[in-house]
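Colleague: Need a 3D model of the following:
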Amino acid sequence: FTGLAADVYNVLVRAQSDWVSTVTTGIRMNTAEQKGPLDLTFEHGGIVEGFVRDAATNAPIADVDLVALNPEDQTWNEAIGYVSTDADGHYQIRIPIGSSRIYFGKLPMGYLRPDGDAGLKTVTIKADQRESLKLDFALTAGEQYKEPGKAIVTGRVVNAAGQPQPDVPVHNDAVTGSRG
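Modeller: All right, here's what the predicted structure looks like:
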């Protein structure tokens, strides 16, 4: 890793297989310092799967984005995986051992974002877990988003100490908000 501002970083690798990376925390970097190689740990973790359905009709909802955050009990959280529901409203995501939070990313037009705990669930994968965890969600139909318009968004990226971080790319999804 090079070119990062002096700070403490957490590293995670998103694998596209039956393996998932654990989060390597507390990597201290000084300005212009190079780090590496890093020893990363991969594990089988466990699978969380379920369905997202319409609360009134029980119909499956396709194209709902779900995000997994890990570790659940840290003051920072890193998205360790993203998944979208299929045409049957089904999703499946592999997460590391321990507690993680599953929440909604992008919702299809015509559905309301759930308030509080209804849209944020904590799941725990045990080291000896062999069966997938079942976790279903229900969404309520409603007018969440208005016709897209123009907006100017300003701000700055800061580290945990509140210090500005220059040259950090920020991406925006016009429907769901910032993702990066």
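Colleague: which regions of this protein sit below the pLDDT cut-off?
Modeller: Across the chain, the ranges flagged by pLDDT under 70 are 1-3, 9-17, 21-26, 71-78, 144-155, 169-180.
Colleague: cutoff 50 now
Modeller: Along the chain, segments meeting pLDDT under 50 span 146-147, 174-180.
Colleague: How far does the longest strand seen in the chain sit from its chain's centre?
Modeller: The single longest strand within the chain, with elements called by DSSP state E, is strand 46-54. With C-alpha atoms, centre = their mean, to the nearest Å as the basis, strand 46-54 stands 15 Å off its chain's centre.
Colleague: can you check stretch 127-138 too?
Modeller: What separates the centre of stretch 127-138 from the centre of its chain is 17 Å, taken as C-alpha atoms, centre = their mean.
Colleague: The longest strand of the chain - contacts with which helices or strands?
Modeller: Judged by 3 or more C-beta pairs under 8 Å, 6 or more residues apart in numbering; DSSP states H and E, the packing partners of strand 46-54 are strand 90-95, strand 120-125, strand 133-134, strand 137-139. C-betas here are computed from N, CA, C, even on glycine.
Colleague: contacting residues around it?
Modeller: For strand 46-54, the external contacting residues (C-beta atoms under 8 Å, 6 or more residues apart in numbering) are 59-61, 64, 66, 68, 85, 88-95, 97, 100, 102, 111, 123, 125-126, 129, 132-141.
Colleague: Of those residues, just the buried ones, ChimeraX syntax please.
Modeller: To isolate the buried ones among the contacts of strand 46-54 in ChimeraX, judged by 16 or more other C-beta atoms under 10 Å, type:
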select :60,61,64,66,68,85,89,91,93,94,95,97,100,102,111,123,125,133,135,137,139
